[in-house]
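> Quick one: sequence and predicted model below, then my questions.
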Amino acid sequence: MSSAFDISEEIRPSQTARGNAGALDLRKVSKTYQVNKQPLQVLQDIDLVVKPGEFVTLVGASGCGKSTVLRLVVGLDSDYEGEILLDGSLVTGPGLERSIVFQEHRLLPWLTVEQNVALSLDTDQRTPVEKVQTISDHIGLVGLRGFEKAYPRQLSGGMAQRAAIARALVSQPEILLLDEPLGALDSLTRSYLQLELLRIWRQEQVTVVMVTHDVEEAVFLSDKIVIMTPRPGRIRKIVTVDLPHPRDRVDPAFGAYRKEVLEYLAEDYSI
Amino acid sequence: MNSPGLEFKGPSVVLRVRKEPVAEVRPAVTPALRQRRKSAAPHASSGRGVRIFQFFLFPLLVLVVWVTVSSLHLLPANILPSPLAVLRTGWELITGEYGEKLSVHLVTSLWRVARGAAIGVPIGLALGLALGFSPTVESWIGPLFRTIAQIPSIALIPLLMMVLGIDDKLKLFIMAKACVIPLTLVTADGIRNIPKTYLEVGRVLRLRRWTLLGKVVLPAALPSIFTGIRQGVAHVWVSLVAVEVLASSEGIGYLMTWGRLIFQLDVVLVCVGVIGLIGFVLDFGLRRFEEHLLRWKGEAS
């Protein structure tokens, strides 16, 4: 554990990195659900540019459509208006260049950690030997070496979420989508996994878009914080966090960012 | 200005704290706990003893009532033979001294069950998978199937005897039908009720059709499929005995009818016991096989 806390040491791209971080471009994306035959708009004119290798978080009150944004980007729902472009080409349906980690780990309980990770390489063109190697590399990357043959029920919540991250990364996506991946973890595991996420992001050099409820987590991790507001879900403000990593939570500058974000969010609660 | 922030963070903190310890603690502590309990209590096998006691309590009570009733001659001995008489008859049926041999009839019945299940299980599985997967198949044969399912096999016997005779064909048909109905319904439900979250994982990972089927859909539906197979096989056994009682010249059900006709209720009681025992063994064996296949569920299941 101790070594992982030394985030200050120089981080070089690992052998698992491919250096193909993608650029994401959302143009006037709107989404309407039919609820009891009434149209309910959950997203309205979302315009967002995520540069290659950026770490962007979406924060906002529940019901502001942050998770819906990720579902649209990953391609689970293609019934929307506007355009979603990855590296300039239109996103249609799921694709392995976009990976997602859900709030629940969603590992398949009948497969071991290794087999769960391997599932991502189902349509991969690499040879079996190369596949075995990259699966092992990614299990190592998330710190689960020794647990390759374990079933999900034998893992703690934090470990299961690590396995889910390995499964998302093994296909070498250009963009990693994280839907509150640490939301269900206790605060200690959570702050530890934040450091791990930071390390993985810097090693893998992948673009990350993460949904979170936790403002401190957002300030700690991201280059850009997208503050969303509900009914219908819109972007209220984008805050660029200009602090070097690793960030110090008791630094006054850190506190200033947190305060700024919280003030925007508080507007939705002050009714 | 800080208070809205606190309000915002509050609920998510509570959720986190509540959820994680359960998952974190369970695998690590259980063996240790068990160890501690073992060393503290000298009667380590007490859990097992209690289970055996629970298992035998009610059968023992029945036996006590039976012994009491028959030894006080509350019922005539030819209506309710004593347990000892039944045991003796059982032994004579096994050795063949009785005239009829239990093993011959049992082999006949079990061979029929094997053939009935061999026909019924594949048909039930195939139908269940088709109904579960395909809305088209469901809309074409679903309602018809559910209607047929409402007709008890026994009610069909008189009709089928006319068409199929009273030979093996009749028995096989009845058994196959008895097996197919529950197996199909349970399998189809199992497939329809696969958690959407697993299917989404399959879509996000771009799994090929056969990978999706073999690694996601079938394993997710396997517990229900197994329940279906267990129910199906149990129905095969029960319906076979029923057919043999009604229309047969050999088999355990025939032996029972024969015992009743010659007014030897000890024979009937031996047959009842054997039928129950076989049913139990069939279910027990399938459960063991299921546990083996569903190892990933762990001790919890």
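Thanks, I have it.
> Run through the helices of the chain in chain order.
In the absence of a named chain, this looks at chain A. Assigned by DSSP state H, chain A shows helices spanning A:2-5, A:66-74, A:113-118, A:128-141, A:157-169, A:187-204, A:215-221, A:252-266.
> oops, I was thinking of chain B
Ranges of helices in chain B, per DSSP H, are B:3-40, B:46-71, B:83-95, B:102-133, B:135-149, B:153-164, B:168-192, B:196-204, B:209-211, B:218-246, B:252-261, B:265-293.
> Spell out whether the last one and chain A are in contact.
No. For helix B:265-293, no contact with chain A is found by CB under 8 Å from any CB of the partner chain; the gap never falls below 9.5 Å. Backbone N, C-alpha and C define where each C-beta goes, glycine included.
> Mean pLDDT lowest where, among the helices of chain B?
Across those, helix B:3-40 has the smallest mean pLDDT, namely a mean of 41.
> Quick one: name the residues of the stretch 151-300 of chain B near chain A.
Contact residues, the stretch 151-300 of chain B versus chain A (CB under 8 Å from any CB): B:197-198, B:200-201, B:203-208, B:211, B:215-216, B:219-220, B:222, B:294, B:296-298, B:300.
> quick one: the residue lying farthest from the centre of chain A and A:Val226, what's the gap?
Most distant from the centre of chain A: A:Lys37, at 32.6 Å, with distances by CA atoms, centre = their mean. According to CB to CB, to the nearest Å, A:Lys37 stands 32 Å off from A:Val226.
> To A:Lys66, which of the helices of chain B lies closest?
For A:Lys66, the closest of the helices of chain B is helix B:3-40, at 13.6 Å, according to CB to CB.
> how about the residue farthest from the centre of chain A, phi and psi?
Dihedral pair for A:Lys37: phi 70, psi 10, per degrees, to the nearest 10.
> Report pLDDT for it.
83.
> what does stretch B:58-69 contact?
B:Leu74, B:Leu75, B:Leu80, B:Ser82, B:Pro83 (CB atoms under 8 Å, 6 or more residues apart in numbering or on different chains).
> give me that answer again for 6 Å
With contacts defined as CB atoms under 6 Å, 6 or more residues apart in numbering or on different chains, stretch B:58-69 is touched by B:Leu75, B:Pro83.
> again with stretch A:82-101
Stretch A:82-101 is contacted by residues A:22-30, A:73-75, A:164-165, A:168, A:171, A:173-178, A:181, B:203-204, B:206 when judged by CB under 6 Å, 6+ apart.
> For that stretch, the averaged confidence score.
85.
> Quick one: end-to-end length of it, please.
Across stretch A:82-101, the terminal residues are separated by 24 Å (CA to CA, to the nearest Å).
> go on, stretch A:234-248?
Using CA to CA, the span of stretch A:234-248 from its first residue to its last is 30 Å.
> taking the mean pLDDT, what do you get for it?
Stretch A:234-248 comes out with an average pLDDT of 86.
> So the closest residue to B:Arg192 other than its chain neighbours versus B:Val236, what's the distance?
Among residues not flanking B:Arg192 along the chain, B:Gly132 sits closest, at 5.3 Å (CB to CB, 6 or more residues apart in numbering or on different chains). For B:Gly132, the distance to B:Val236 (CB to CB) stands at 22 Å.
> quick one, which of the two is more surrounded?
The neighbour count for B:Gly132 versus B:Val236, taken as other CB atoms under 10 Å in any protein chain shown, is higher for B:Val236 (29 against 25).
> so which of the helices of chain A comes closest to chain B?
Proximity to chain B (CB to the nearest CB) singles out helix A:252-266 among the helices of chain A, at 3.5 Å.
> and that closest one, how far from the chain's centre?
With CA atoms, centre = their mean, to the nearest Å as the basis, helix A:252-266 stands 21 Å off its chain's centre.
> just stretch A:138-148 next, same as before
Per CA atoms, centre = their mean, the centroid offset for stretch A:138-148 relative to its chain is 19 Å.
> any bit of it sitting next to chain B?
No. On the criterion CB under 6 Å from any CB of the partner chain, stretch A:138-148 is out of touch with chain B, staying 11.4 Å away.
> rewinding a little: least confident of the helices of chain A, on average?
helix A:2-5 has the lowest average pLDDT among these, namely a mean of 44.
> measure stretch B:160-176 end to end?
By CA to CA, the extent of stretch B:160-176 from end to end equals 13 Å.
> Any buried residues in it, and which?
B:Leu160, B:Leu164, B:Leu170, B:Lys171, B:Leu172, B:Phe173, B:Ile174, B:Met175, B:Ala176 (16 or more other CB atoms under 10 Å in any protein chain shown).
> Then stretch B:142-156?
Using 16+ other CB under 10 Å as the test for burial, stretch B:142-156 gives B:Phe145, B:Ser153, B:Leu156.
> So which of the residues you listed is the closest to chain A?
Using CB to the nearest CB, these come closest to chain A at B:Phe145, 29.0 Å.
> Can you tell me which residue is spatially central in the chain?
No chain was given, so I picked chain A. Geometric middle of chain A (CA atoms, centre = their mean) lands on A:Leu178, at 2.3 Å.
> Chain B was what I was after
Closest to where the C-alpha atoms of chain B average out (CA atoms, centre = their mean) is B:Arg230, at 3.6 Å.
> State the distance from the spatially closest residue to that one that is not a sequence neighbour to B:Ile229.
Counting by CB to CB, 6+ apart, B:Leu286 is the residue found nearest to B:Arg230 once chain neighbours are left out, at 5.0 Å. Applying CB to CB, the value for B:Leu286 to B:Ile229 is 7 Å.
> Counting neighbours, go ahead and name the busier of these two.
Per other CB under 10 Å, whichever of B:Leu286 and B:Ile229 has more neighbours is B:Ile229, with 23 against 18.
> Where does the record place the domain boundaries for the chain?
Because you didn't say which chain, this covers chain A. With domains defined by automatic domain parsing, chain A comprises A:20-97+A:175-271, A:106-172.
> that's the wrong chain, I meant chain B
B:1-44, B:46-74, B:81-300.
> Would you tell me which one of these is buried the most?
domain B:81-300 (a mean of 18; mean count of other CB atoms under 10 Å in any protein chain shown).
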